[in-house]
Structure formats: structure tokens, C-alpha cells
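> Sequence first, predicted coordinates after that:
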Amino acid sequence: MDRYAEKFFTYLEIEKNYSPHTLLNYKIDLQEFLEILQNPDPLKIEYIHLRKYLAQMRQRSLKPRTLARKLSSIRSFFKFLHREGLIKSNPAVLLLTPRLDKKLPKFLSEKEIVHLIESPSLESVAGKRDRAILELLYSSGLRVSELVGLNVDSLDAISNLVKVMGKGKKERLVPAGDKAIEALREYMHSRASQQRALFLNKNGRRLSDRGVRNIINKHILKTSIRMNVSPHVIRHSFATHLLNRGADLRSVQELLGHVNLSTTQIYTHISTERLKHVYDKAHPHA
């Protein structure tokens, strides 16, 4: 089994450019699958074995999204074995993914975003760093992993562009607004470190994903916002506000770094809900 799994994960990492987080989930899912089936030869697994696995997963009352991810891992593994000619037919082709409810992303209003961004004090280096982080998250719609991966040379302050390493190790350039660039300049001028990383923690090392989440939580407490705000909520707010102000879907797709337009289309539902609200509130016969 080890040699098949090793080839599979090498393929996901090198050819598919999957992130370490995704690879870890796939490894956990595949190991669990084989343990449930008592570690059979993967080349001899048939559809009936997959049905047995699926039945056990359903007994655990897993959330549909969790089950869908596990099935995706298994499906990808057998697709790889079939592609490599190691099995004659793919037994996972007939596996049905549970139907997922599309949850509308949470987002902040423009007023709430302004309150959050302006909450850090600019009298300390940490405050200037926090302001720069919040400005850049909202100005460019970055993922938190993209933000913490930025280096000093990722920023082109003359052209107002930021070079980002996105999902699948795909590089892209995203614009940054004047306020974000100004906040970044203030932060850069105030910090003494010559570290390559752009955003540093109190120990002078690269800031982590968790560190950014803690910073946001700290400043949320200073505002009147009654919502659990993550870096992704700020990203959702970025996309929603752009669409509400007339940006086209394709441009927002490029800015967010989405491979498929369908991923970006969920934000149109938010805009539609807003239009309905405005209509119901304003139209005499609504």
C-alpha cells in the first residue's frame, strides 16, 4: 500500500500543486478508509467495499461537507490508480457525493469595515502593523495564507501592486489601494527588523495564520460588531462590496484568484439578497 500512496501524494504535491493542509487531509482520509476496510490490497477493492465504507461514514452522522471531502479523497486516489494503469476500472466512479447546501458567506458592511480598520492605535509598531494588515486584507481580498506569505519585496509601492502566491502555488498580481499602501509604508518605516517576511510577530518572526486571526479578534472587541470575524469574512466583504458597486464578476474572479467562475458566483447571491431587501423596503407594492 505504501508505494501506491507515496506515488499518489507525490502526484498531488508536484503535479496538482496541492497545499500541505490539503495533502494532510487526504492522507488522514485515505488512512482511515483503509483501516475501516482492514487494509486490503487497493488494487483489489471493488464498488461493494466502497459501499461498506460509505455506510460506516453515514453511521457517524458526519456533516455533508466533511463526508464530501472524504469521498473526494477516495475518488481522487482511485482515479490516480486508474490513470496509472494499475487498475482496469475505477470502482469509485459510481460514488455519489452528498448534496451540499450553499451557505451564503458572511460579510461586514462598509461602515463596519471602516470601524474595524481604524480600531488599531498608530502609536506603536504593533498598531501600525495591525492597521496595515487590515487595510491590505480588505483592499486586496487576500487569503490569510497569502497575507502571511508576503515578503518585503512582494510589494510594489510605486505601481500599487502586491505579488501573491495563491492556491496551487500560482502567482498573481493584485492591486492595493492608496490607504493600504500608505499603511504599509508607515509600518515598514517604523519596524527595525531587516527580516525578509513582511508581517512579523512580537518575536520578530514571520506572523502565522493564527496570529492574524488573534489580531482581528483583538480589534473586533474594540468595535460594536457582533459577529465572529475571520480573515475570510474580510475577503468576503471585499468581493461583496466590489459587486455591489458595479464590478463585473470576471474581474472579481481574477482579483480573488479563483480558478473557476462558479466559485465566485456565490457572491452574486449576496448581491441579489441585498437587492431584494432594498426592493421590499422601498417599493410601495412589495
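Yes, it's here.
> how close does the residue positioned nearest the centre of the chain sit to Q194?
By CA atoms, centre = their mean, the chain has its centre lying nearest to R143, at 5.6 Å. The spacing between R143 and Q194, counted by CB to CB, to the nearest Å, is 26 Å. Any C-beta I mention is one placed from the backbone N, CA and C, and that applies to glycine too.
> Would you map the helices across the chain?
2-14, 20-36, 47-59, 64-83, 110-117, 125-140, 144-148, 178-190, 209-220, 231-244, 249-256, 261-264, 266-282 (DSSP state H).
> Could you dump the ones you listed into a markdown table with mean pLDDT, distance to S154 and mean neighbour count added?
As requested, the helices of the chain are exported to a markdown table (pLDDT from 0 to 100; distance: least, CB to CB, whole Å; neighbours: other CB atoms under 10 Å):
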| stretch | mean pLDDT | distance to S154 | mean neighbour count |
| --- | --- | --- | --- |
| helix 2-14 | 87 | 23 | 14 |
| helix 20-36 | 89 | 20 | 15 |
| helix 47-59 | 88 | 42 | 14 |
| helix 64-83 | 91 | 31 | 17 |
| helix 110-117 | 95 | 21 | 17 |
| helix 125-140 | 96 | 11 | 23 |
| helix 144-148 | 94 | 10 | 21 |
| helix 178-190 | 95 | 10 | 18 |
| helix 209-220 | 95 | 16 | 17 |
| helix 231-244 | 92 | 17 | 21 |
| helix 249-256 | 90 | 16 | 16 |
| helix 261-264 | 80 | 24 | 13 |
| helix 266-282 | 71 | 26 | 12 |
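> Ok, which of those helices comes nearest K202?
helix 125-140 (7.2 Å; CB to CB).
> Packing partners of the closest one?
helix 110-117, helix 144-148, strand 161-165, strand 171-175, helix 178-190, helix 209-220, helix 231-244 (3 or more CB pairs under 8 Å, 6 or more residues apart in numbering; DSSP states H and E).
> still on that earlier bit, closest to G166 out of the helices of the chain?
helix 144-148 (5.9 Å).
> what comes into contact with the closest one?
19, 133, 136-137, 164-166, 199, 206-209, 211-213, 230-232, 257 (CB atoms under 8 Å, 6 or more residues apart in numbering).
> picking up where we left off before, make TSV out of the helices and strands packed on helix 125-140 and add distance to I266.
Output for the helices and strands packed on helix 125-140, formatted as TSV (distance: least, CB to CB, whole Å):
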stretch	distance to I266
helix 110-117	19
helix 144-148	19
strand 161-165	21
strand 171-175	20
helix 178-190	25
helix 209-220	22
helix 231-244	9
